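Student: what's the 3D shape of this:
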Amino acid sequence: RIWNWQSRSCIAVLTGHNHYVMCASFHPKDDLVVSASLDQTVRVWDVSGLRKKTVSAAEETLKIPPVNTDLFGGSDAIVKYVLEGHDRGVNWASFHPSIPLIVSGADDRQVKL
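Tutor: As a prediction, this is how the structure comes out:
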């Protein structure tokens, strides 16, 4: 889930992993999130659809429409990539701050780039 920490409300639910999610973090520049799961995958999410949520200058609070779940399961965040290769659950993943790399660590005792 992606939360507005000021209003303490959920603005998006990222569904796709089929086991516990151990870690999630934002890309330093792009509208992306990386998540690591015990389902042995790392997923990259495109969250650019969340840009439509606007901040009111007067109130300085995020105006949050209901989470978009239309007839076809539309969402403000979509899976862009599913990275497979770990043999056990993935505990951590992070974007490199300046080059297009993701690093991940898992219970298979491996760190992968």
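Student: Show me what counts as buried in stretch 93-108.
Tutor: 93, 94, 95, 102, 104, 105, 106 (16 or more other CB atoms under 10 Å). All C-beta spots, glycine's among them, are computed from the backbone N, C-alpha and C.
Student: ok, which pair from the residues you listed is furthest apart?
Tutor: Maximum pairwise distance in the buried residues of stretch 93-108, criterion CB to CB, is 16.9 Å, between 95 and 106.
Student: SS state for the most centrally placed residue in the chain?
Tutor: Taking CA atoms, centre = their mean, the centroid of the chain lies closest to residue 33, which sits 3.5 Å from it. Going by DSSP: H, G, I helix; E, B strand; the rest coil, the secondary structure assigned to residue 33 is strand.
Student: That one touches residue 48, doesn't it?
Tutor: No: taking contact to mean CB atoms under 8 Å, the distance of 10.7 Å between residue 33 and residue 48 leaves them out of contact.
Student: where does this structure have low pLDDT?
Tutor: In the predicted model of the chain, residues 52-75 satisfy pLDDT under 70.
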